[in-house]
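Engineer: Got a sequence here, can you model it:
(one chain, ligands or ions: 2)
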Amino acid sequence: MSGTRSRKRVAVVPGDGIGREVIPAVRQVLEAVADQREGIDFEFVAGEAGDGVKERTGTALPEETRELVIGADAALFGAAGETAAEVIIPLRRAIDAFANVRPATAYPGVGALQPETDLVFVRENTEGIYAGHETELAPGVTTLTRVITAEASERIARYGFEYAAEHDYRVTVAHKANVMQTTDGQFLESVARVAEELGAEYETALMDALAMELVRDPTDYGVVICPNLAGDVLSDLAAGLVGGLGLLASANVGPERALFEPVHGTAPDIAGQGVANPAAAILCGAHLLEYFEFEAAGADVREAVTETLSAGLQTPDLGGEASTDEVTAAIVERL
Ligand code: IPM
Ligand code: MN
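Structural biologist: Numbers count the residues shown, from 1 in each chain. Ligands and ions are numbered 1, 2, ... in the order given. Reported below is the predicted structural model:
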């Protein structure tokens with residue numbers, strides 16, 4: 001994955017809205033980490049994507065940006081506005097990012113609906129309803145084909161079970177096989193095959209019932225392996241449990257490289273005001289460090305984020321009054 005070359009090339013694509021405020025924050029944190037530690041060195045290469053570049057050039061994801069991401073060891077992406085799907089789905093495809101890992105962790109001192117939440121969604125990231133087979137058959141009659149293959153299902157199951165074993169979580173597999181008998185039936189069979197091969201234990205849960213249980217008591221759950229759309233919906237639900245989208249980072253992991261993005265979007269209501277919560281982006285940075293096997297540095301960044309939030313230095317989305325820069329500076333100072 002990361003190779004032995006010590007200098008890591010990281011593509012940086014802020015995109016639109018608050019992406020332009022939180023990506024510089026994570027970059028600042030990673031630069032501080034690299035300054036302080038022997039053996040950690042980044043080369044940042046910047047690219048454009050999103051509404052702004054589409055307005056100017058007619059395309060939301062310029063070929064140069066796609067190539068920049070493919071040519072880097074990892075990428076940091078902020079957010080795109082109206083063009084989000086035109087940017088992030090092709091970027092995930094470009095690096096064959098089959099796993100979307102989304103931790104939802106509650107932090108002490110942050111007003112969380114469920115303060116004990118410690119969940120990690122491992123979302124299938126290549127198919128399901130995202131395969132792009134949507135059609136208008138006739139005016140007023142539309143269809144969508146949901147693709148579930150054994151190959152992609154086994155791949156995400158393996159990733160999820162291995163992640164859970166490594167981080168000591170129990171596994172729940174979300175599905176809706178009572179209705180989508182063929183597709184989610186296939187998904188569950190694939191999961192069962194991989195579990196048997198790995199000797200892994202897990203339980204299954206209908207995704208609708210799981211949504212309710214997660215709100216009621218998330219402590220019964222750890223890693224949740226899910227088909228693509230279920231993972232999209234359940235991870236936003238979990239963001240609501242821990243205090244909002246400003247806290248959720250995600251990793252799009254492929255066989256050779258990974259792209260890290262905060263789960264929040266461009267937040268046009270607060271963009272440009274300097275008050276966006278940089279925590280999600282900075283937690284992406286922690287995940288990026290861990291991806292490169294700089295485990296200790298990643299843990300330090302997580303700790304600095306936790307301490308800063310717990311000390312009450314919080315942006316308005318969490319009920320605080322701090323600015324993006326103030327929170328970022330406090331995190332850098334704690335490193
Ligand atoms: C996400 C977003 C994307 C998704 C959209 C913007 C295509 O909601 O990353 O959660 O559905 O995957
Ligand atoms: Mn989403």
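
Engineer: Get me the contact residues on this protein for ligand 1.
Structural biologist: 84, 85, 88, 89, 232, 263 (CB under 6 Å from any ligand atom). Using the backbone N, CA and C atoms, a C-beta is placed for each residue, glycine as well.

Engineer: isn't the fourth one right up against residue 128?
Structural biologist: Put plainly, it is residue 89. No - the pair residue 89 / residue 128 is not scored as a contact, 11.8 Å apart, by CB atoms under 8 Å.

Engineer: Among those two, which residue is more densely surrounded?
Structural biologist: residue 128 (24 against 15; other CB atoms under 10 Å).

Engineer: The more buried one and ligand 1, how far apart?
Structural biologist: Distance of residue 128 to ligand 1, computed by CB to the nearest ligand atom, to the nearest Å: 10 Å.

Engineer: so that residue bridges to which residues?
Structural biologist: Per DSSP bridges, the residues bridged to residue 128 are residue 147.

Engineer: That one reaches residue 232, doesn't it?
Structural biologist: No - judged on CB under 8 Å, residue 128 makes no contact with residue 232 at a distance of 9.1 Å.

Engineer: shared neighbours of the two, anything?
Structural biologist: Jointly contacting residue 128 and residue 232 under the rule CB atoms under 8 Å, 6 or more residues apart in numbering is no residue at all.

Engineer: all helices for the stretch 51-200 of the chain, in order.
Structural biologist: 51-57, 63-71, 84-94, 150-167, 183-198 (DSSP state H, counting those that start in this stretch).

Engineer: I'd like those helices written out as CSV, with mean pLDDT and distance to residue 18 added.
Structural biologist: Shown next, in CSV, are those (pLDDT from 0 to 100; distance: least, CB to CB, whole Å):
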stretch, mean pLDDT, distance to residue 18
helix 51-57, 97, 13
helix 63-71, 98, 19
helix 84-94, 97, 13
helix 150-167, 98, 28
helix 183-198, 98, 34
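
Engineer: To residue 267, which of the ones you listed lies closest?
Structural biologist: helix 84-94 (12.2 Å; CB to CB).

Engineer: Could you list the buried residues of that closest one?
Structural biologist: 84, 86, 87, 88, 91, 92, 93, 94 (16 or more other CB atoms under 10 Å).

Engineer: can you pull the pLDDT of the closest residue to ligand 1 within the stretch 201-335 of the chain?
Structural biologist: Of all residues in the stretch 201-335 of the chain, residue 232 sits closest to ligand 1, at 4.5 Å by CB to the nearest ligand atom. Per-residue confidence at residue 232 stands at 97 (pLDDT).

Engineer: and it, that's in a helix?
Structural biologist: Yes - Residue 232 forms part of a helix when assessed by DSSP: H, G, I helix; E, B strand; the rest coil.

Engineer: Quick check, it in contact with residue 123.
Structural biologist: Yes - at 6.9 Å, residue 232 and residue 123 qualify as touching, with contact defined as CB under 8 Å.

Engineer: Looking at the two, which has the bigger crowd around it?
Structural biologist: Neighbour count, other CB under 10 Å: between residue 232 and residue 123, residue 123 has more, with 27 against 19.

Engineer: What residue, apart from its backbone neighbours, is nearest the more buried one spatially?
Structural biologist: Nearest residue to residue 123 in three dimensions, chain neighbours excluded: residue 231, at 2.6 Å (CB to CB, 6 or more residues apart in numbering).
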